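Visitor: Quick one, fold the following:
(one chain, ligands or ions: 1)
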Amino acid sequence: IKLAVPRESAAGERRVALDPATAKRLCELGAEVLVQRAAGARAHFTDAAYREAGARIVPSAAALLRQADALLKVQAPSVKEAEGLREGALVVATVMAQRNVEAVARMRDRGITCFAMELIPRISRAQSMDVLSSQAAVAGYKAAIMGADLSCRFFPMLTTAAGTIRPASVLVIGAGVAGLQAIATARRLGAVVLGYDVRSATREQVESLGARFVQLSVTAEGEGGYARELTDEEKAQQADELAAHIARTDVLITTAAVPGLPAPKIVSPAMVEGMKPGAVIVDLAADGGGNCALTEPGRTVTYGAVTIHGPLNVPSQVPLRASEMYARNLFNFLQPMLTGDALRPDFEDAVIAGSLLTRDGAIVHEPSRALVE
Ligand code: NAD
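Guide: Take a look at the predicted model:
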């Protein structure tokens with residue numbers, strides 16, 4: 001079986017679906033791994049390293065696609081990639097169908113079996129395949145670093161000949177996978193950290209990292225361990241109680257998300273106006289529109305004396321480790337279906353069935369079908 005790894009084509013994408021170490025493990029299981037020339041270059045994996053791992057370097061995308069039995073990608077295939085594959089080939093990628101409607105339609109029409117990694121059910125057995133978690137952890141880490149970098153203050157307390165300098169205060173809104181990693185990283189840098197989430201289950205997780213939990217009167221547990229959207233009344237209540245905390249914060253990191261919806265707007269212009277001079281907002285929800293009303297996705301703007309950073313695709317900014325983690329998730333997903341030299345997915349398996357997006361000329365995943373058709 002030929003597993004093919006292209007150079008990612010999305011603008012600014014530096015990650016690659018397989019690192020050399022994982023390519024080697026797949027070769028050892030009997031797969032043939034084909035890697036497009038320079039596919040790993042932006043993540044600092046050389047062609048030579050892939051060759052050493054047992055992979056074959058293929059000069060062009062077209063040649064790679066023609067030979068692929070399965071295409072392994074970080075981001076959704078482009079329409080061109082979907083067209084370049086042989087009919088009935090397999091694709092494994094983070095597809096995000098709502099943002100890639102045309103490519104999904106093309107995969108359907110070409111009889112491609114596509115597994116969307118973001119659809120893998122978040123059950124214990126599938127944790128090692130969870131790309132949302134691995135990449136969110138990368139983003140959370142980097143958000144804390146970005147906040148420290150943009151701040152005009154120190155994260156740690158410094159005791160110097162010029163006196164003792166107070167540590168920065170960091171508030172993290174949204175204590176999911178990304179938020180918890182941001183909290184842990186800001187703590188390691190020595191900041192005084194507060195964490196807030198609408199799910200009360202996060203209190204213990206926030207506190208276990210040495211941060212203080214901000215308890216507000218609004219809680220909103222939704223389905224499957226996620227948050228639900230707040231009602232207008234709850235939003236007003238939340239804003240009221242949160243404003244005082246935000247006013248005392250040096251670095252605000254926002255990561256709040258509700259599955260399937262645009263990012264909730266939590267930080268209003270009035271709250272930004274109330275912040276300290278030199279305060280920083282790192283809005284990790286910028287990909288989904290942002291948690292701050294003033295965030296401009298993909299840009300860094302200043303509003304009064306406050307810097308608002310809205311980075312896009314943050315995992316791509318730590319490309320080496322993010323790729324390694326993504327590749328391990330892929331390996332854990334592929335290994336059970338790799339038998340001898342073939343890929344034989346067990347479509348009855350909950351993890352495989354749950355992540356199946358297209359097969360046999362149809363969009364199998366109902367919510368995505370509604371979006372595309
Ligand atoms: P996410 O990216 O969807 O959301 C980030 C956080 O924002 C969540 O914690 C959410 O509660 C919070 N949020 C939403 N609206 C908010 C608001 N208005 N104000 C403040 N906070 C708000 O979430 P995620 O990081 O992908 O994970 C969410 C849950 O899924 C967590 O409980 C996590 O532990 C769980 N999870 C389970 C598994 C597994 O069992 N395999 C894997 C990963 C995550």
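Visitor: what about the residue of the chain found nearest the ligand, neighbour count?
Guide: Here the chain gets closest to the ligand at one residue, residue 176, 2.2 Å apart by CB to the nearest ligand atom. Using the backbone N, CA and C atoms, a C-beta is placed for each residue, glycine as well. The tally of other residues near residue 176 (other CB atoms under 10 Å) stands at 21.
Visitor: Excluding sequence neighbours, find me the nearest residue to it.
Guide: Nearest non-adjacent residue to residue 176, counting by CB to CB, 6 or more residues apart in numbering: residue 255, 6.4 Å away.
Visitor: what's that neighbour in contact with, if anything?
Guide: 139-140, 143, 172-176, 178-179, 182, 284-285, 291 (CB atoms under 8 Å, 6 or more residues apart in numbering).
Visitor: List, one by one, the residues from the protein near the ligand.
Guide: 122-124, 127, 130, 132-133, 136, 173-179, 197-199, 202, 225-227, 230, 255-259, 264, 266 (CB under 6 Å from any ligand atom).
Visitor: Going through the residues you listed, which ones are buried?
Guide: By neighbour count, with 16 or more other CB atoms under 10 Å, those hold 130, 132-133, 136, 173-179, 197-199, 202, 227, 230, 255-258, 264, 266 as buried.
Visitor: out of the residues you listed, which are inside helices?
Guide: Using DSSP state H, 132, 133, 136, 177, 178, 179, 202 are the members of those that sit in helices.
Visitor: Now do the contacts for the third one.
Guide: Right, the one you point to is residue 136. 176, 177, 178, 181.
Visitor: hmm, try it at 10 Å
Guide: 130, 176-182, 255, 257, 284, 314-315 (CB atoms under 10 Å, 6 or more residues apart in numbering).
Visitor: Same check on the fifth one?
Guide: In this structure, residue 178 makes contact with 132-133, 135-143, 172, 253-257, 284-285, 314-315, judged by CB under 10 Å, 6+ apart.
Visitor: ditto for residue 327
Guide: Counted by CB under 10 Å, 6+ apart, residue 327 has contacts 5, 15-23, 25-26, 43, 45, 72, 74, 134.
Visitor: mind running it again at 7 Å?
Guide: 17, 18, 19, 22 (CB atoms under 7 Å, 6 or more residues apart in numbering).
Visitor: Equivalent analysis for residue 93, please.
Guide: With CB under 7 Å, 6+ apart, residue 93 has these contacts: 73, 74, 75, 76, 77, 116, 117.
Visitor: Tell me the secondary structure of residue 276, please.
Guide: The assignment at residue 276 comes out as coil when based on DSSP: H, G, I helix; E, B strand; the rest coil.
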